[in-house]
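**Q** fold the following for me, if possible:
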Amino acid sequence: MRRGSDTLAATLAAGLVALSGCGYAVSAGLKLRGGAELAEVRPFENLSTDPSVGVEVTSALREALARRGAAGDGARALIDGQVTTDTVAPSFAGGATQRVGLVVRARLLVDGALVLERQVRREADYLAGADALEGEARRAQALRRLAGEAARDVLSAFEE
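**A** Numbers count the residues shown, from 1 in each chain. Alright, predicted model coming up:
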């Protein structure tokens with residue numbers, strides 16, 4: 001009988017080792033300034049001419065909170081703000097590469113009181129594209145990437 005229990009223990013140990021490399025991890029949670037552990041993200045006001053950039057920043061913040069187990073409707077903490085983009089400018093002579101900038105102004109309110117306000121600015125270069133549609137698609141992709149980076153920066157600033 002001992003041999004069967006040794007085999008079972010070895011199989012269980014091998015299974016645990018295999019599962020540990022599957023991308024699952026235990027999150028330490030999040031502690032925001034002002035003592036809140038959960039936060040709700042309201043839609044960011046879009047002050048730019050790019051129609052989806054406010055939604056991108058809001059979504060990126062909500063995803064970052066959800067990954068940390070800190071997202072919650074009706075939470076004590078509220079994150080909201082505004083986003084703007086800079087006008088397109090060539091980053092090199094010839095205009096093959098364009099530069100776009102994203103500015104996120106975010107506020108953290110806990111129990112209705114302003115705890116912290118932060119402004120984050122991120123910039124990225126992107127290839128202009130063969131035509132206007134390709135250029136706009138690449139610009140939108142660069143703004144999505146910047147929204148994710150800005151969301152991580154904002155959340156880091158709001159963390160204790």
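
**Q** contacts and neighbour counts: CA atoms only from here.
**A** OK.

**Q** give me the low-pLDDT residue ranges for this structure?
**A** Confidence mapping of the chain against pLDDT under 70 gives the ranges 1-29, 87-89, 91-95.

**Q** what segments of it are helices?
**A** Using DSSP state H, the helices found in the chain span residues 2-20, 53-67, 132-158.

**Q** what about the last one, distance to the chain center?
**A** The chain centroid and the centroid of helix 132-158 are separated by 9 Å under C-alpha atoms, centre = their mean, to the nearest Å.

**Q** same deal with stretch 116-123?
**A** With C-alpha atoms, centre = their mean as the basis, stretch 116-123 stands 13 Å off its chain's centre.

**Q** just stretch 97-108 next, same as before
**A** Worked out by C-alpha atoms, centre = their mean, stretch 97-108 lies 13 Å from the chain centre.

**Q** what does that stretch contact?
**A** Residues outside stretch 97-108 that contact it (C-alpha atoms under 8 Å, 6 or more residues apart in numbering) are 77-92, 114-128, 139, 142-143, 146-147, 150, 154, 158.

**Q** out of the residues you listed, which are inside strands?
**A** Judged by DSSP state E, these include 77-85, 89-90, 114-127 as members of strands.

**Q** whichever of the residues you listed end up buried, select them in PyMOL.
**A** Those of the ones in strands among the contacts of stretch 97-108 that count as buried under 16 or more other C-alpha atoms under 10 Å are selected in PyMOL with:
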select buried, resi 77+78+79+80+81+82+83+84+85+90+117+119+120+121+122+123+125+126+127
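
**Q** distance of P43 relative to A132?
**A** Here the criterion is C-alpha to C-alpha, to the nearest Å. By it, P43 lies 29 Å from A132.

**Q** comparing those two, which residue is more hemmed in?
**A** In this view P43 and A132 are compared by other C-alpha atoms under 10 Å, and P43 has more residues nearby, 17 against 10.

**Q** right, and L155 touches L61 too?
**A** Yes - at 7.4 Å, L155 counts as touching L61 under the criterion of C-alpha atoms under 8 Å.

**Q** looking at the two, which is more packed in?
**A** L61 (27 against 18).

**Q** nearest residue to that one in space, please, no chain neighbours.
**A** Leaving aside its sequence neighbours, L61 sits nearest to A151 (C-alpha to C-alpha, 6 or more residues apart in numbering; 5.1 Å).

**Q** check G54 too.
**A** Once flanking residues are discounted, G54 sits nearest to N46: 4.8 Å by C-alpha to C-alpha, 6+ apart.
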